[in-house]
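> coords please:
(one chain, ligands or ions: 1)
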Amino acid sequence: MATRVPGRVAVIRGLTRRFGERAVLDGLDLDIAPGEFIALLGRSGSGKSTLLRALAGLDGGAEGELEVTGSVAVAFQEPRLVPWKRVLANVALGLAAPDAAQRARRALAEVGLTERAGAWPLTLSGGESQRASLARALVREPGLLLLDEPFSALDALTRITVHQLVLRLWEAHRPAVLLVTHDVDEALILADRVLVLQDGKIAHEELIGAARPRHRDHPDLVSMRDRLLTALGVGSEAGTAHQTVPGGRR
Ligand SMILES: Nc1ncnc2c1ncn2[C@@H]1O[C@H](COP(=O)(O)OP(=O)(O)OP(=O)(O)O)[C@@H](O)[C@H]1O
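Take a look at the predicted model:
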């Protein structure tokens with residue numbers, strides 16, 4: 001039986017996902033409030049994508065309680081645009097609204113891709129493809145936006161630009177966001193709450209009150225980075241360059 005909790009877009013209780021003998025998710029509890037930006041860290045194979053797939057309704061094999069209120073949209077690491085449809089048609093794909101094309105155009109304008117509306121996906125750069133993918137997710141006005149390492153294949157400069165874009169879009173539309181990332185700094189710069197998934201459960205949580213835009217050297221973030229790296233079993237090396245979790249797909 002699922003429980004609806006007012007003021008929550010997702011309520012997860014005792015979520016367990018087994019593959020063979022192994023419980024990748026093992027009695028996981030998590031609440032997601034409307035409009036909050038959560039980053040999910042965890043070592044490779046800890047079950048981050050498994051949790052996202054369960055939340056997206058893409059995996060029927062999980063046991064436990066999982067209630068999602070409202071619509072969910074997902075953007076993946078690879079933008080997954082349909083190659084034989086132009087960019088505008090990709091963004092409008094599956095939208096039932098009579099004004100689908102108009103909404104898709106508006107979404108493309110928001111991500112700065114108006115000029116590429118008529119282009120074929122294979123002619124887009126990595127950053128443009130990712131922006132098109134974000135437009136396709138946002139055009140549905142989701143209550144919950146799931147982002148599975150969407151920035152990891154982008155070069156460092158493009159990633160910063162897309163971070164800024166995501167924050168701008170999040171501030172304008174206010175979906176709850178669950179961002180899976182291997183990048184501790186990305187989590188600290190973007191999220192309100194950073195979670196560490198370990199042994200099938202949320203093993204560590206950091207709440208970030210620092211105002212945005214944030215700089216990675218903010219004193220609160222420096223101590224949080226240390227705690228997160230310790231929770232991830234990496235050991236803290238404060239003051240070193242950009243930190244990512246071992247096993248990241250970059
Ligand atoms: N369909 C499946 N069948 C069998 N095992 C699976 C399946 N899907 C995932 N797994 C296993 O579950 C574990 C968690 O996978 P998942 O992709 O959720 O990890 P992750 O934390 O997202 O990893 P990464 O950071 O490397 O992307 C892995 O050991 C994976 O091999």
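
> what packs against the longest helix along the chain?
Longest helix in the chain, counting residues (DSSP state H): helix 156-173. The contact analysis (3 or more Cβ pairs under 8 Å, 6 or more residues apart in numbering; DSSP states H and E) places helix 156-173 against helix 126-138, helix 184-190. Where C-beta positions appear, they are placed from N, C-alpha and C, glycine not excepted.

> what is the orientation angle of it with helix 126-138?
20 degrees (axes from the mean of the first three to the mean of the last three Cα atoms, to 10 degrees).

> tell me which residues in helix 156-173 are buried?
Residues of helix 156-173 classed as buried by neighbour count (16 or more other Cβ atoms under 10 Å): 158-159, 162-163, 165-167, 169-170, 173.

> Check stretch 36-55 too.
Buried residues in stretch 36-55, counted by 16+ other Cβ under 10 Å: 36-43, 46-55.

> what does stretch 220-233 give?
In stretch 220-233, counting by 16+ other Cβ under 10 Å, buried: 221, 224-226, 228-229, 231-232.

> residue boundaries of the strands in the protein?
Ranges of strands in the chain, per DSSP state E, are 10-19, 22-32, 37-41, 63-68, 72-75, 144-148, 176-180, 193-198, 201-207.

> Can you check which of those strands gets nearest to residue 91?
Residue 91 lies closest to strand 72-75 among these, at 11.7 Å (Cβ to Cβ).

> Can you spell out which helices and strands pack onto the closest one?
Where contact means 3+ Cβ pairs under 8 Å, 6+ apart, strand 72-75 is packed against helix 126-138, strand 144-148.

> Could you measure from the nearest residue to residue 150 once chain neighbours are set aside over to residue 166?
Once flanking residues are discounted, residue 150 sits nearest to residue 75: 4.9 Å by Cβ to Cβ, 6 or more residues apart in numbering. Taking Cβ to Cβ, to the nearest Å as the measure, residue 75 falls 9 Å from residue 166.

> got any residues that touch both of the two?
Common neighbours of residue 75 and residue 166 (criterion: Cβ atoms under 8 Å, 6 or more residues apart in numbering): 134, 147.

> Who is the residue nearest to residue 150 paired with across the strands?
Going by DSSP bridges, residue 75 is paired in beta bridges with residue 147.

> Help me confirm that it comes into contact with residue 146.
Yes. Using Cβ atoms under 8 Å, residue 75 is in contact with residue 146, at 7.5 Å.

> These two - which one has more neighbours?
The residue with more neighbours, out of residue 75 and residue 146, is residue 146; 27 against 24, by other Cβ atoms under 10 Å.

> What residues does the more buried one make contact with?
Residue 146 neighbours (Cβ under 8 Å, 6+ apart): 52, 55-56, 72-75, 177-178, 180.

> Looking at those, spot the one nearest the ligand.
Comparing the contacts of residue 146 against the ligand with Cβ to the nearest ligand atom places residue 180 closest, at 6.5 Å.
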